[in-house]
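Student: Structural data only, the sequence is not supplied:
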């Protein structure tokens, strides 16, 4: 999803999602995996987050992560 610029699909990339930058043919501004972004605006969040838990099945396309706000 990062490679193709998918940014607003819930779960795996959906080719018919009209909000996804990959489908619109525009570069995504949400391209830093170390940041968390506001889903609506695409802007980085001002708060700091710490990864608490990560769950994924083997060979899964989607990972469920739980974060805690620290700042």
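Tutor: That came through, no problem. Everything numeric in this text was worked out from a predicted model, so none of it was measured.

Student: quick one: low-confidence parts of the chain?
Tutor: Residues of the chain that meet the criterion pLDDT under 70 are absent altogether.

Student: Would you map the helices across it?
Tutor: Defined through DSSP state H, the helices belonging to the chain, from first to last, are 21-24.

Student: That one: strands as residue ranges?
Tutor: Assigned strands in the chain, in chain order: 49-55, 64-69 (criterion: DSSP state E).

Student: could you dump these to JSON lines with mean neighbour count and distance to residue 11?
Tutor: Heads up, the C-betas are built off the backbone N, CA and C, glycines and all. Below are the strands of the chain laid out as JSON lines (neighbours: other Cβ atoms under 10 Å; distance: least, Cβ to Cβ, whole Å):
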{"stretch": "strand 49-55", "mean neighbour count": "10", "distance to residue 11": "14"}
{"stretch": "strand 64-69", "mean neighbour count": "11", "distance to residue 11": "10"}
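
Student: So which of those is nearest residue 13?
Tutor: For the strands of the chain, proximity to residue 13 was assessed by Cβ to Cβ; strand 64-69 is nearest, at 17.0 Å.

Student: So what are the sheet partners of that closest one and their directions?
Tutor: Strand 64-69 has its sheet partners listed here by DSSP bridges as strand 49-55 (antiparallel).
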